[in-house]
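# Show me the folded form of this:
(one chain, ligands or ions: 1)
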Amino acid sequence: MLAKIEELLQEVEGMSAGNAEELEALRIKYLSKKGAINALMADFRNVPADQKKEVGMRLNELKNRAQEKIAALKERFDNQDNNTEGIDLTRTAYPIELGTRHPLSIVRNEIIDIFGRMGFTIAEGPEVEDDLHVFTKLNFAADHPARDMQDTFFVESNAEDVTKNIILRTHTSSVQARVMEKTQPPIRVICPGRVYRNEAISYRAHCFFHQIEGLYVDKNVSFTDLKQVLLQFAQEMFGPETKIRLRPSYFPFTEPSAEMDISCDICGGKGCPFCKYTGWVEILGCGMVDPAVLDACGIDSKVYSGYAFGLGVERITNLKYKVKDLRMFSENDTRFLEEFESAN
Ligand code: PHE
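Residues are numbered from 1 along each chain as shown. Prediction:
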């Protein structure tokens with residue numbers, strides 16, 4: 001009898017349970033009515049009288065240990081699973097910080113909205129492009145300085161035949177070339193996207209930035225249409241008092257070409273350091289699509305004409321939010337980005 005008690009005592013000391021079911025099985029095995037300890041209790045009356053005292057003590061000890069052990073294990077599970085008093089389980093684990101929209105995205109979306117209301121749809125194209133779409137089809141002569149190493153990042157350069165070069169697009173006009181190849185007029189698209197130029201990074205230049213280009217091709221499209229659309233855009237973007245002016249300029253793919261200024265919204269046109277005392281700030285390039293470009297992209301220039309314009313999203317954002325250092329846009333400093341929290 002004593003030997004049996006010792007054996008059970010050792011088992012009880014070594015007891016462990018991985019979950020509540022295992023614990024219950026242990027309780028039944030040792031402590032239930034038909035359990036091992038009760039069986040010994042029933043045998044107790046057969047113990048010779050002179051041993052009764054010692055066996056009785058040991059038996060009680062076994063029972064107490066078993067109860068203690070099971071209670072201790074139970075407490076462990078209770079703490080893990082159910083002890084939720086005073087804890088609000090519906091609370092989020094930690095404060096969830098809402099991200100803020102990037103200023104360039106805010107402005108890009110606003111520009112897309114404005115042109116969207118005028119009937120322009122979005123077209124996109126690859127950032128790694130071939131020379132054909134960035135330059136050749138857009139009427140850049142093979143020795144045009146814009147193909148120079150200064151401006152263009154080369155992925156694969158071909159010394160004998162520049163038109164086989166693979167490059168990072170330097171403007172989103174490449175998307176216009178792709179759209180014109182695929183679609184016959186009427187075409188009315190805007191092409192937002194990132195572009196790359198091999199420039200030294202400073203507060204006013206970066207090796208990548210964002211453009212939105214517009215293209216409209218149909219019968220009888222004239223410069224007047226272009227001017228009206230750009231005036232509408234400028235007034236929606238910068239306020240109804242905004243004036244525009246077009247200065248003659250040069251782009252290989254448009255003829256005639258122009259650059260557009262808006263009246264300086266800091267001094268209202270009177271002249272200030274921001275507009276270098278001219279009262280005007282430049283915001284985009286534009287022009288009538290050169291017939292050679294239409295033809296190169298498979299559109300009959302005798303039947304159709306078109307206009308195109310291109311603007312820099314960083315430039316417009318600088319004007320709207322007076323951000324002085326272009327590098328802020330790509331540094332991901334949350335103190336800067338959070339400034340735009342409520343903007344959209
Ligand atoms: N692609 C020109 C640039 O990157 C902008 C432009 C687009 C000018 C369309 C005229 C027409 O500077």
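# State the number of residues packed around L89.
Neighbourhood size, L89 [other CB atoms under 10 Å]: 5. For glycine as for every other residue, the C-beta is placed from the backbone atoms N, C-alpha and C.
# ah, wrong one, I meant I112
The number of residues packed near I112 is 16, by other CB under 10 Å.
# residues making contact with stretch 193-206?
124-125, 127, 149-153, 168-172, 175, 207-211, 314, 324-327, 329-330 (CB atoms under 8 Å, 6 or more residues apart in numbering).
# now, which of those residues lie within strands?
168, 208-211 (DSSP state E).
# give me the subset of those residues touching the ligand.
Subset of the ones in strands among the contacts of stretch 193-206 in contact with the ligand: empty, counting by CB under 6 Å from any ligand atom.
# Please identify which of those residues is nearest to the ligand.
Q211 (6.1 Å; CB to the nearest ligand atom).
# OK, contacts around the closest one?
Here Q211 is in contact with 171-172, 191-193, 195, 310-313 (CB under 8 Å, 6+ apart).
# how about a cut-off of 7 Å?
Contact partners of Q211, counting by CB atoms under 7 Å, 6 or more residues apart in numbering, are 171-172, 193, 195, 310-313.
# Of the residues you listed, which is the nearest to L104?
Sorting these by distance to L104 puts V313 at the head of the list, at 5.4 Å, by CB to CB.
# Show the model's pLDDT score for the closest one.
What the model reports as pLDDT for V313 is 95.
# Next: Q211.
Looking at Q211, the pLDDT reads 96.
# For the closest residue to L31 other than its chain neighbours, what are phi and psi?
Closest residue to L31 apart from its sequence neighbours, by CB to CB, 6 or more residues apart in numbering: A66 at 5.7 Å. With angles defined as degrees, to the nearest 10, A66 sits at phi -60, psi -40.
# And the helices in the stretch 101-250 of the chain, which stretches?
For the stretch 101-250 of the chain, helices defined by DSSP state H, counting those that start in this stretch occupy the ranges 103-117, 131-134, 173-182, 223-238.
# Contacts (any at all) between the ligand and the second one?
No: Helix 131-134 does not reach the ligand (CB under 6 Å from any ligand atom); its nearest approach is 9.7 Å.
# Residue of the stretch 1-150 of the chain nearest the ligand, please.
Closest to the ligand within the stretch 1-150 of the chain is L138: 8.2 Å, counting by CB to the nearest ligand atom.
# which non-adjacent residue is nearest that residue?
Nearest residue to L138 in three dimensions, chain neighbours excluded: F253, at 4.0 Å (CB to CB, 6+ apart).
# Please point out which parts of stretch 188-197 sit buried.
188-193, 195-197 (16 or more other CB atoms under 10 Å).
# Sorry, slip of the keys, the one I care about is stretch 111-130.
Going by neighbour count (16+ other CB under 10 Å), the buried part of stretch 111-130 is 111-112, 114-115, 120, 123, 125, 129-130.
# What does the pLDDT read for the closest residue to the ligand within the stretch 51-200 of the chain?
In the stretch 51-200 of the chain, no residue comes nearer to the ligand than H171, which is 3.3 Å away by CB to the nearest ligand atom. For H171, the model assigns a pLDDT of 94.
# Is it in contact with G310, as I believe?
Yes: using CB atoms under 7 Å, H171 and G310 qualify as a contacting pair, with a distance of 6.3 Å.
# Just give me the neighbour total for A292.
Neighbours around A292, by other CB under 10 Å: 15.
# and the nearest residue to it once chain neighbours are set aside, what does it touch?
Excluding its sequence neighbours, the residue lying closest to A292 (CB to CB, 6+ apart) is N139, at 5.1 Å. Contacts for N139 (CB under 7 Å, 6+ apart) come out as 252-253, 290, 292-293.
# if we can go back for a sec, isn't the residue nearest to L31 right next to I37, touching?
Yes: A66 is within contact range of I37, at 6.1 Å (criterion: CB under 7 Å).
# what sits in contact with each of the two?
30-31.
# What lies in contact with stretch 218-230?
118, 185-186, 244, 246, 260, 286, 288, 303-307, 309.
# of those residues, buried ones?
Restricting these to buried positions leaves 185, 244, 246, 260, 286, 288, 304-307, 309, with burial counted as 16+ other CB under 10 Å.
# Also near the ligand: which of these, exactly?
Answer for those near the ligand (CB under 6 Å from any ligand atom): 286, 309.
# Among the contacts of stretch 193-206, the buried ones, what's the PyMOL command?
To isolate the buried ones among the contacts of stretch 193-206 in PyMOL, judged by 16+ other CB under 10 Å, type:
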select buried, resi 125+152+168+169+170+171+172+175+208+209+210+211+314+326+329
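# Using the three-state scheme, assign the residue in the stretch 201-344 of the chain positioned nearest to the ligand.
Here the stretch 201-344 of the chain gets closest to the ligand at one residue, G310, 2.7 Å apart by CB to the nearest ligand atom. Secondary structure state of G310, per DSSP: H, G, I helix; E, B strand; the rest coil, is strand.
# Name the nearest residue to it, sequence neighbours excluded.
That would be E213: by CB to CB, 6+ apart, it lies 4.1 Å from G310.
# Go ahead and confirm that neighbour touches C191.
Yes: using CB under 7 Å, E213 is in contact with C191, at 4.7 Å.
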